[in-house]
Every structure is written in structure tokens, then in C-alpha cells.
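**Student:** Next come a sequence and a model predicted from it.
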Amino acid sequence: MNDIFLRACQGRKTDYTPVWLMRQAGRYMPEYQKIRAKVDFLTLCKTPELATEVTLQPVDILNVDAAILFSDILVPLEPMGMQLEFTEQKGPVFHNPVRTSADVHALRAIDSQADVPYVLQAIRLLKQSLKVPLIGFSGAPFTLATYMIEGGSSKNFLHTKRMMYQSPELFQSLMKLVSGVVTDYLLAQIRSGVDTVQIFDSWVGALSPHDFERFALPYVQEIIRALRASERQVPIIYFAFNSSGMMEQVRKAGADVYGLDWRIEIAKAVDLLDRNHVVQGNLDPCALFGTRETIYAEARRILEGARYAPNHIFNLGHGILPETPVDNAKTMVEAVHEISLKAL
């Protein structure tokens, strides 16, 4: 197996900078669209053979150094009692948002082996054929809780913050429950064979640094401690999206690797992380709509900016956009490999 991604996660020497893309298995690929045309999104997530096929598609096409399991961060919330639907217009929608004490008490913890067996079966199938490491993942507790409280995506997270400020004990109760679900879910993925896990905190940038430390960070720390205590150890990536203004707080999470969005110069982030942590990122996804020359230039700029980190995993600062030309994604991977190899 090509283990350069794992070595980078561990801060070990690598021959070149590894690269993968968030949402690398997705709508920008014609191969994905052919499968997606036959089934709805949740069915795709819940069918191990199809999820496996979709996960594998970009590995050979793009020549990336890691695969990420095809699923969605909201999958483990459905067996908790959440009524989930993915719509073309609004994206994910929960028809029974969590707003009251009764709503929280109506939820249940999950047993990943029994409640999401299709995710674990997809992992086992992938490990039979993959020649690069497999990344498992989950949403972070705050991000998952916001979806549950808001009933879907939100601009200002009014319902979530109202609960935080008006009923902090109720909010903390929900967070504890969700944290237990995330821990169980990630441990089940690790036992099934993933080589590393990424915790996506997509909405945590809506918080102030003070509220992040109070309402979000302790739960991420708790999950990471539980993963560290597990029988099988894997590297842990924490990606707190839109958190450039609170890097000093984010670095307390205890992860091995910190994902970065494009809103911060990567060299500055490396310094804010005391040059002691592996970083991942942080190309603006829209840069992939540039010319070959601009993609190479942006790749070079980011690679140079990350040179003082213990190691660097090249990635986008968020998921690849559906309109992205596949050839441009290939060019980015090619550029990262070529430039970083020459630099060594």
C-alpha cells in the first residue's frame, strides 16, 4: 500500500507531499453522476457496493494518495430518531428538529454495528481492494447538533444559539448525547479497518472563540481522548471550518493533523500551531477553475507556506465544487506531486 499519506499524518519524512480532496467522490465526476442517476443520495450511502464503487472512482482517476469513505456526516443521526431527507433544493432537512427538552429525551444513542452496518460493510469491502489509505469520518458534535436543532442548514444559527444562551444545560445534554454517538461511530469505523479518521466541524466558525471553548471544544477533546484510548490507534484529523480567528483555541483539540480552510495563509497557521502540528489544506476550491498555470502557481505557494510544519497534506480548504472540471483536479494533484518531489 502507498502509505505516504499515513506517514505525513504522523509527521514522518515523505518523498513528496501527499494530496487528496474533500468530497473527491462526488458530483463533479461523470462516473459518479451515472450511478447517482439510478438511486437517491441516501440509498447510495446505504448500499455498501455502490458506496464502495463511488469511493474508488477518484483514486485512480485523480491519482490521489488517500481515499475517503463515501457517506454523509448526517447518516448516524437518523437512527437516533431524526427524520432525515435530502432534497435537491434545500439539501438535508430534518422534519423533527430538536428544540425542547422533550425532543432531546426522545433521541437515543446508537449502536453502530446494528444501526449503520452498511457504513462498516463498505469499509470492509474497500479495504479488500484499496492501494492507498482509507479515511473514515464523522461530523463533530457541534456541527451535528446545529443540523438537528435548525432542521437543516442555517445562516445565523438562531435556534442553536438561542438554546445555547437560554437553556445551556439542555444544549449540553444534547451535546453529550451526540458526542457519545460520534465516539461509537468512529470507533466502529476504526475497528472495521479505516486507516485514519477526520472530524468535520463545518459550522463551528459561527461561534466566538469564547463560545467555542465553552460549547464545542470540550466535546471534540473528549472524543479524541476516547479514540486515543482505543485498542487500535489511527491518526486523527480535525477540520474546523472557518475558524481562522480562533486557531489558538482549535489547536487544543488534541488532533494529529489540523485541516485549514483558505481564509488564512498557511504559513501563519503553521506558526499559530507552534510549528508542532501537521497541517492539511488549504487551496480555495475556486482556484480549480483557473488555468493550468494558475493552479501550479497556487500549489507552489501553499507548498512553500507549509514548509515549516512537521508535515503537510495538500487538500482544498473545503469540498470540491460540483462544477469543477475533472482535468483541473487532475492538474492540481499532478502539480502537488511534481513540485514537492522536486523540492526534496
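**Tutor:** It's in.
**Student:** any chance you could map the strands in the chain?
**Tutor:** 67-68, 84-87, 91-94, 134-139, 196-201, 236-240, 257-259, 278-283, 312-316 (DSSP state E).
**Student:** Which of those strands has the highest mean neighbour count?
**Tutor:** strand 312-316 (a mean of 28; mean count of other C-beta atoms under 10 Å). Heads up, the C-betas are built off the backbone N, CA and C, glycines and all.
**Student:** quick one: it to strand 278-283, angle?
**Tutor:** 30 degrees (axes from the mean of the first three to the mean of the last three C-alpha atoms, to 10 degrees).
**Student:** what does strand 312-316 rub up against?
**Tutor:** 5, 8-9, 17-22, 257, 259, 262, 266, 278-285, 288, 299, 302-303, 306, 336, 340 (C-beta atoms under 8 Å, 6 or more residues apart in numbering).
**Student:** what's the answer for stretch 278-286, then?
**Tutor:** With C-beta under 8 Å, 6+ apart, stretch 278-286 has contacts from 8-11, 237, 239, 256-262, 264, 266, 269-270, 273, 298-299, 302, 306, 309-321, 324, 332.
**Student:** burial count for R307?
**Tutor:** Neighbourhood size, R307 [other C-beta atoms under 10 Å]: 13.
**Student:** Might you report the residue contacts of the closest residue to E53 other than its chain neighbours?
**Tutor:** Once flanking residues are discounted, E53 sits nearest to I35: 6.6 Å by C-beta to C-beta, 6 or more residues apart in numbering. Contact analysis of I35 by C-beta under 8 Å, 6+ apart lists 44, 50, 53-54.
**Student:** circling back to that earlier point, want to throw the strands of the chain into a markdown table with distance to V250?
**Tutor:** What follows is the strands of the chain, written out as a markdown table (distance: least, C-beta to C-beta, whole Å):
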| stretch | distance to V250 |
| --- | --- |
| strand 67-68 | 21 |
| strand 84-87 | 28 |
| strand 91-94 | 25 |
| strand 134-139 | 16 |
| strand 196-201 | 9 |
| strand 236-240 | 5 |
| strand 257-259 | 7 |
| strand 278-283 | 12 |
| strand 312-316 | 16 |
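**Student:** Go through those and name the closest to F212.
**Tutor:** Evaluated over these, closeness to F212 peaks at strand 236-240, with 8.2 Å, by C-beta to C-beta.
**Student:** Quick check on the closest residue to Q83 other than its chain neighbours: phi, psi?
**Tutor:** Distances taken as C-beta to C-beta, 6+ apart place H95 nearest to Q83, at 4.2 Å, with adjacent residues excluded. When read as degrees, to the nearest 10, the backbone of H95 gives phi -80, psi -10.
**Student:** ok, now how distant is H95 from F41?
**Tutor:** 16 Å (C-beta to C-beta, to the nearest Å).
**Student:** likewise C9?
**Tutor:** 29 Å.
**Student:** Compare the two (neighbour count), which wins?
**Tutor:** Counted by other C-beta under 10 Å, C9 and F41 do not tie: C9 has more neighbours, with 26 against 15.
**Student:** What pLDDT does the model give the closest residue to D261 other than its chain neighbours?
**Tutor:** Excluding its sequence neighbours, the residue lying closest to D261 (C-beta to C-beta, 6+ apart) is G317, at 3.9 Å. Looking at G317, its pLDDT reads 97.
**Student:** quick one: contacts for G317?
**Tutor:** Listed by C-beta under 8 Å, 6+ apart, the contact set of G317 reads 260-263, 281-285.
**Student:** Out of those, which comes closest to Y118?
**Tutor:** For the contacts of G317, the nearest to Y118 is P285 (28.7 Å; C-beta to C-beta).
**Student:** re earlier: compare the strands of the chain and give me the one nearest V104.
**Tutor:** That would be strand 91-94 among the strands of the chain, by C-beta to C-beta, at 13.7 Å.
**Student:** Could you please name the strands the one helix or strand in the chain whose mean pLDDT sits lowest pairs with and the direction of each pair?
**Tutor:** The weakest-scoring helix or strand in the chain, judged by mean pLDDT, DSSP states H and E, is strand 84-87 (a mean of 90). When sheet partners are counted by DSSP bridges, strand 84-87 sits next to strand 91-94 (antiparallel).
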